[in-house]
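Peer 1: whatever this is, show me its structure:
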Amino acid sequence: MKKYFLFSILVISINLISQNAISEEFLDRYGLYMTVDDLAEVLKCRPQTLYNRLAKNDFEIPAYRNRKRYLFSTHEVVTHINENTH
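Peer 2: Numbering: from 1, shown residues only. Got it, this is the predicted structure:
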């Protein structure tokens, strides 16, 4: 039981470290907010796919409008990626 507990703590610690590393990498590359083009690059899809889903209000990551541009919080993008890959 004690070995399992220590292993669980180790796995959680590694996940947190990797999340922080991904978060820092994304913040360095994209800043606090990502554009549709940035997000399309990360999600490996076409920007038009994202625009279509935003128009249908069928997108999991909250988008913010800045005049005519959609912006996505880099932190929310990293959180979404981590929740859907683990």
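
Peer 1: give the contact list for Val42.
Peer 2: Phe26, Met34, Val77, Ile81 (CB atoms under 8 Å, 6 or more residues apart in numbering). To be clear about C-beta, it is placed using only N, CA and C from the backbone, and glycine gets the same treatment.

Peer 1: could you say which helix or strand contains the first one?
Peer 2: When elements are defined using DSSP states H and E, Phe26 is found to belong to helix 2-30.

Peer 1: after that helix, which helix or strand is next?
Peer 2: strand 33-34.

Peer 1: which strands and helices lie in contact with that next one?
Peer 2: In terms of contacts (3 or more CB pairs under 8 Å, 6 or more residues apart in numbering; DSSP states H and E), strand 33-34 is packed against strand 69-73, helix 74-85.

Peer 1: specify the angle between the shortest one and helix 74-85 in degrees.
Peer 2: Relative orientation of strand 69-73 and helix 74-85, computed by axes from the mean of the first three to the mean of the last three CA atoms, to 10 degrees: 70 degrees.

Peer 1: what does strand 69-73 contact?
Peer 2: Here strand 69-73 makes contact (CB under 8 Å, 6+ apart) with 32-36, 38-39, 50-51, 54, 61-65.
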